[in-house]
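> Test case, fold it:
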Amino acid sequence: MDQLTTDLDQLRLASLAWGPVHDPTAPLAVLLHGFPDTAHTWRHLGAALAGAGYRVVAPFTRGYGPSGFPADGSYHVPALMSDALELHAALGGDERAVLVGHDWGAITANGIGAYDASPFRRVVSLAVPPFEAMNPRPGDIGRWARILPRQALLSWYTVYNQLPGLPERRFDDYVARLWSRWSPGYDAADDLAHLASSLPTSEHRSAVLGYYRAAVRPWQVPSRYRHLGRAAIGMPRVPFLFLHGADDGCLDPRWAAQVSGRLDGVRGSRVAVVADAGHFLQLERPAVVNALIVEFLAELDGTDGTEEAG
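Purely as a prediction, here's the structure:
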């Protein structure tokens, strides 16, 4: 594993990297982490993709040290999308590049997959579906209505994160609680240590909570990112793999079927529910998740549908 830094328009991104990082002939894979997590969440997949021939870069996203704080102060999804697109360009990525995201990284990847000028040929999303797939359609209102009550209870933290100051003051206990609820039975000690190192100050903690606070203030998106706003809530236009842990305590795993029903028009896309895994499925079942992703990225064609992965 290597480390590198990349200067973007609004901030300096620090990244973990695997494989032939400085070889432009190798295809680029960008891996985006979520909350409350760091680039270290990709320690298993990064090595697997490097073994498959990719140069793999996993940035610490806006506000997560050792990356910097954005000059414009924006933590909106279109800003996160812009960072990933800029990173692709700065690293000399081409049309072979692929994008993988988990949690907030999945939200970002979903949006880029829906962006008609995206340079990434395939997108993999873990744990958080495209927003459009979570909206009801006439044919699935009943199924959607059965998911919604439980999801409302699971999403309590999104309201808590809006409180001024309290989440920052109780941050360590709070995020440990999220890990234990979202991935029951998983020992998150190493990941929480990485998180503590990444967020050493109250300013850092406010920054990463700012992702949630920005989400309810879409009118504050800086003008430089507004062209990405529509894609941020759309469905992917490129071959798309969605993976969800069967025991996820953050997002109800029944959303996976909702995603499957919306991918009919995207050739080569698929959905898989990973057994015995919660929200951080790439850490809980790395062999299964790595195999699904490597296989998907290697295929020229695929099939639609929801499947169970053991």
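
> Count the residues that sit near Arg121.
15 (other C-beta atoms under 10 Å). (Each C-beta comes from the backbone N, C-alpha and C, glycine too.)

> Over to Ala287?
Neighbours of Ala287 under the rule other C-beta under 10 Å: 9.

> And His102, by the same measure?
Using other C-beta under 10 Å, His102 is surrounded by 30 other residues.

> Next, it: phi, psi?
Note on His102: its backbone torsions stand at phi -130, psi 140 [degrees, to the nearest 10].

> ok, now Tyr115?
In terms of degrees, to the nearest 10, the main-chain angles of Tyr115 are phi -80, psi 120.

> Quick check: it touching Tyr225?
No. Contact criterion C-beta atoms under 8 Å: Tyr115 and Tyr225 do not qualify, at 11.6 Å.

> Name the residues contacting each of those two.
Contact with both Tyr115 and Tyr225 is made by residues Met81, according to C-beta atoms under 8 Å, 6 or more residues apart in numbering.

> For this protein, which segments count as strands?
Ranges of strands in the chain, per DSSP state E, are 2-7, 12-18, 28-32, 55-59, 98-102, 122-126, 240-245, 270-274, 306-309.

> Out of these, flag the one nearest Ser180.
strand 240-245 (14.4 Å; C-beta to C-beta).

> and the closest one, which residues are buried?
By 16 or more other C-beta atoms under 10 Å, the buried positions in strand 240-245 come out as Phe240, Leu241, Phe242, Leu243, His244, Gly245.

> Just put those in CSV and tack on distance to Thr158 and pLDDT.
Listed next are the buried residues of strand 240-245 as CSV, based on distance: C-beta to C-beta, whole Å; pLDDT from 0 to 100:
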residue, distance to Thr158, pLDDT
Phe240, 24, 94
Leu241, 25, 96
Phe242, 21, 96
Leu243, 22, 98
His244, 18, 97
Gly245, 19, 98
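
> Specify which member of these is nearest to Ala257.
Using C-beta to C-beta, His244 comes nearest to Ala257 of these, at 9.7 Å.
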